[in-house]
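Visitor: next one to model:
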Amino acid sequence: MLRRHARTACTALVAAGMALTGLQAGSAAAAPDDQGPHRTATVRTAAQALGADSARPELLAAMRRDLGLTHSQALTRLANEAEAGATAARLRQDLGTAYAGAWLDGAEAGTLTVATTRAADTAAIRASGARARLVTHGLTALERAKEALDRSATTDAPVRYVDVRTNVLVVEETRAGAGERLVETAGIPRGLVRVVRTGEAPLPLHDIRGGDAYYMGGGGRCSVGFAVTRGTTQGFATAGHCGRAGTTTSGFNQVAQGSFQGSVFPGKDMAWVAANSSWTSTPYVKGAGGANIQVTGSVLQPVGASVCRSGSTTGWHCGTVQQHNTSVTYPEGTISGVTRTTVCAEPGDSGGSYISGSQAQGVTSGGSGNCSSGGTTYFQPLNPLLQNYGLTLRTTGVDPGPGPGEPEPGGTWAAGKVYAAGDVVTYGGASYRCLQGHQAQTGWEPSNVPALWQRL
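Guide: All right, here's what the predicted structure looks like:
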């Protein structure tokens, strides 16, 4: 957290299909089993469902600048990330407690590695098109150890996360010996932990389109995360440390805008603002040069995936996802469940949008460094925020629903509901398990999108 004082794609998708043939085959494997009623004529691949084939030029330009990619590589990477995320999610369900994480490598994210603690799983992992890594510790065990560290953490050991690539729990310390003391206090086996010395202490990036500025009535500036609705009320998601319930806001143009309806910080870093009738929520994030970047959904992407951030101070920047479910101790307290990234940010960017392709990821929480020398930032994932406040993400996706004479399939699945990996629903007389957390929307029915749902 940093403080601020108050004041074309079709060709590329074919290439991506060749790059990750095994992964796409794994994602589509469930399609023949989905014999229930369909809202659309075709079952969508992960790349199609997540809009990887419709990336805006501004998004691709930022990926070229910040990730060193060509235009074609950027398109291929987005398609690969979508397919790999679906494959990793399906394997996580299949491997159970033996699952130890997954990550992407390569300029085009063409290599997916999935780790397991069980040697018998490696054949199935390879059959899916991914590389298999046999490790000692399961992801669940490492995350439980991290929770124990979180309960005793101080700002001398401000960051904790599971590094799935090395299969250890990492503690970053700003003062020598702080990490060791934390591990001892929490009673965690030393072999699970790697202590890393850092000179960067994260702070909040303190001072209706994602990335635009807004101003708090008590002083200071933050950034809009994502446009949302709650019933007929328009508004936006943002960071909890930007304001408390009742704090009034004005927009980027200093016109009265609305007020915070709910806010959580510390613990989490989430909030939402209800706008007055002068403001309309739009399904866009502000990209380079003020261009609109479309938002089509909220599927959280895997470690190694590209991600871009929009903020009112530094604009549009890209990087990669480093770790999910990270815990950070700010001077105000600990927040858990944030995602650690290589994207830079500066004061005033707080609350702004993180987006991967066209999938909303989260809102800027805090970090260290800046956009001149580089840094590390953390975002509050969006889906828990939407669920906590009963919000609906504004997206550009529109589906007409059943055609003339087509019955509504029915079941417990419902558009607008936030689903977490592992949730089970019924739809069209069949049961499905959620593979990747997301907010459901019309057109993403379980029978249509095997990247998100596995038929049981």
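
Visitor: pLDDT weak spots in the chain?
Guide: Low-confidence segments of the chain, defined by pLDDT under 70: 1-42, 205-207, 397-408.

Visitor: 50 instead, please
Guide: 2-41, 207, 398-407 (pLDDT under 50).

Visitor: now Thr320: how far from Thr376?
Guide: For Thr320, the distance to Thr376 (CB to CB, to the nearest Å) stands at 11 Å. Just so you know, the C-beta spots here come from the backbone N, C-alpha and C atoms, and that holds for glycine as well.

Visitor: between those two, what contacts are shared?
Guide: Counting by CB atoms under 8 Å, 6 or more residues apart in numbering, the shared contacts of Thr320 and Thr376 are 341-342.

Visitor: so which of the two has more stuff around it?
Guide: With neighbours defined as other CB atoms under 10 Å, Thr320 and Thr376 compare such that Thr376 has more, 23 against 19.

Visitor: quick check: the more buried one touching Val338?
Guide: No - counting by CB atoms under 8 Å, Thr376 stays clear of Val338, with 11.3 Å between them.

Visitor: contacts for the strand or helix carrying Val273?
Guide: Assessed by DSSP states H and E, Val273 sits inside strand 270-275. Identification of contacts with strand 270-275 by CB under 8 Å, 6+ apart yields 208, 214, 228, 230, 233-240, 242-243, 249, 257-265, 281, 351, 363, 380, 384-385, 388-389, 391.

Visitor: let's see that with 6 Å instead.
Guide: 208, 233-238, 240, 249, 257-258, 260-264, 380, 385, 389 (CB atoms under 6 Å, 6 or more residues apart in numbering).

Visitor: tell me how many other residues surround the spatially closest residue to Val183 that is not a sequence neighbour.
Guide: Nearest residue to Val183, sequence neighbours excluded (CB to CB, 6 or more residues apart in numbering): Val193, at 5.2 Å. Around Val193 there are 21 other residues, counting by other CB under 10 Å.

Visitor: Val193 contacts Leu169, correct?
Guide: Yes - using CB atoms under 6 Å, Val193 is in contact with Leu169, at 4.9 Å.

Visitor: picking that back up, among the contacts of strand 270-275, which lie within helices?
Guide: Residues from these lying in helices, with DSSP state H as the criterion: 385, 389.

Visitor: I'd guessed Ala345 sits against Gly367; true?
Guide: Yes - Ala345 is within contact range of Gly367, at 5.3 Å (criterion: CB under 6 Å).

Visitor: these two: who's more crowded?
Guide: A count of neighbours by other CB under 10 Å puts Ala345 above the other of Ala345 and Gly367, at 32 against 27.

Visitor: point to the residue nearest the middle of the chain.
Guide: Gln361 (3.1 Å; CA atoms, centre = their mean).

Visitor: skip the chain neighbours and tell me the closest residue to that residue.
Guide: Tyr354 (4.1 Å).

Visitor: rewinding a little: residues shared between the contacts of Ala345 and Gly367?
Guide: Thr377.

Visitor: and the gap between Thr342 and Thr392?
Guide: 30 Å.

Visitor: with Ala62 instead?
Guide: Taking CB to CB, one finds Ala62 at 27 Å from Thr392.

Visitor: okay, the two: which has more neighbours?
Guide: Ala62 (23 against 18).

Visitor: I'd say the more buried one and Ser306 touch.
Guide: No - in this structure, Ala62 is not within contact of Ser306 by CB under 6 Å, at 9.4 Å.

Visitor: residues near Val295, how many?
Guide: 26.

Visitor: one more: the one 5 residues further on?
Guide: Counted with other CB under 10 Å, the neighbours of Leu300 add up to 23.

Visitor: residues in contact with it?
Guide: Under the criterion of CB under 6 Å, 6+ apart, the contact list for Leu300 reads Gly437.

Visitor: and the helices in the stretch 1-150 of the chain, which stretches?
Guide: With helices called from DSSP state H, counting those that start in this stretch, the stretch 1-150 of the chain shows them at 9-19, 21-28, 46-49, 57-67, 71-95, 122-127, 139-152.

Visitor: please name the bridge partners of Val328.
Guide: For Val328, the beta-bridge partners are Val159, Ile335 (DSSP bridges).

Visitor: how much space separates it from Thr376?
Guide: According to CB to CB, Val328 stands 10 Å off from Thr376.

Visitor: picking that back up, which residues does the residue nearest to Gln361 bridge with?
Guide: For Tyr354, the beta-bridge partners under DSSP bridges are Arg309, Gly362.

Visitor: pretty sure it is touching Gly362, no?
Guide: Yes - between Tyr354 and Gly362 a contact is recorded at 4.8 Å, counting by CB under 6 Å.

Visitor: so what sits against both of these two?
Guide: With CB under 6 Å, 6+ apart as the test, Tyr354 and Gly362 both reach Phe379.

Visitor: so Ala415 touches Gln439, yeah?
Guide: No - using CB under 6 Å, Ala415 is not in contact with Gln439; the gap is 8.7 Å.

Visitor: okay, the two: which has more neighbours?
Guide: Neighbours per residue (other CB under 10 Å) separate Ala415 from Gln439, with Gln439 holding more: 23 against 14.

Visitor: can I assume the more buried one is in contact with Leu393?
Guide: Yes - counting by CB under 6 Å, Leu393 is a contact partner of Gln439 at 5.5 Å.
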